[in-house]
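*Asks:* Just to be clear, the model below is a prediction. Sequence and coordinates:
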2 protein chains.
Amino acid sequence: MNDLDLGAFIKDHRKNAGLTQLELADLAGIGKTTVFDIEKNKETVRFNNLLAVLHVLNINVEFKSPLTK
Amino acid sequence: MNDLDLGAFIKDHRKNAGLTQLELADLAGIGKTTVFDIEKNKETVRFNNLLAVLHVLNINVEFKSPLTK
DNA sequence: CATTATATACTGTTTTAGCAGTAAAAATAT
DNA sequence: ATATTTTTACTGCTAAAACAGTATATAATG
């Protein structure tokens, strides 16, 4: 389940939006290092920073349990 | 979109699993304070800690862009 | 090729999340 | 009601995420 490479997924969407890591970082209001880390699948990043990146790239997050699905 | 109250969602599933915050924290391998913070929608928690909680509760995370959807 | 832009990597520093411990408030049970 | 459990809240302390700056490597462009 969801063994998606989130880093690659984000990088792909960033490229698609024509943004550099630095531009994405600025738009998301975070440092370039963090964007780099996120694309490298560093999971110890702060949730809000990840959300900021996802928001800029128009990526949605959904939480679903097998029950409610 | 997704203005879901993730904290309440998690709390609900925790209750449903018959777990206390402390038990969930131990199962997830994190501190009780962090579980409390997560249920209070503190978004500055580390992503891996949130994932650990979601994993214990069998909650899946999905990332989707309007494009690929 | 050379040149520019971008990505990766590595610093030192600052900020803060995470933590256990404790205590008090709220909920649950007896 | 009064125990008991659970949750909420508040501490310092420590570890590490975040950051800008810099440097090198890689990729793209002329």
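*Replies:* That came through fine.

*Asks:* Pull out the buried positions in stretch A:38-50.
*Replies:* Under the neighbour-count criterion of 16 or more other C-beta atoms under 10 Å in any protein chain shown, stretch A:38-50 has A:38-39, A:43, A:45-50 buried. Backbone N, C-alpha and C define where each C-beta goes, glycine included.

*Asks:* Residues contacting that stretch, please?
*Replies:* Residues outside stretch A:38-50 that contact it (C-beta atoms under 8 Å, 6 or more residues apart in numbering or on different chains): A:5-8, A:10-11, A:14, A:21, A:28, A:30, A:34, A:37, A:53, B:43-48, B:50-51.

*Asks:* Please compute how far that stretch lies from its chain's middle.
*Replies:* 7 Å (C-alpha atoms, centre = their mean, to the nearest Å).

*Asks:* got it, and stretch A:43-55?
*Replies:* 6 Å.

*Asks:* Residue A:53 against residue A:30, yeah?
*Replies:* Yes. Counting by C-beta atoms under 8 Å, residue A:53 touches residue A:30, with 7.3 Å between them.

*Asks:* Look at those two and report which has more neighbours.
*Replies:* residue A:53 (24 against 21; other C-beta atoms under 10 Å in any protein chain shown).

*Asks:* Name the nearest residue to that one, ignoring sequence neighbours.
*Replies:* Nearest residue to residue A:53 in three dimensions, chain neighbours excluded: residue A:28, at 4.9 Å (C-beta to C-beta, 6 or more residues apart in numbering or on different chains).
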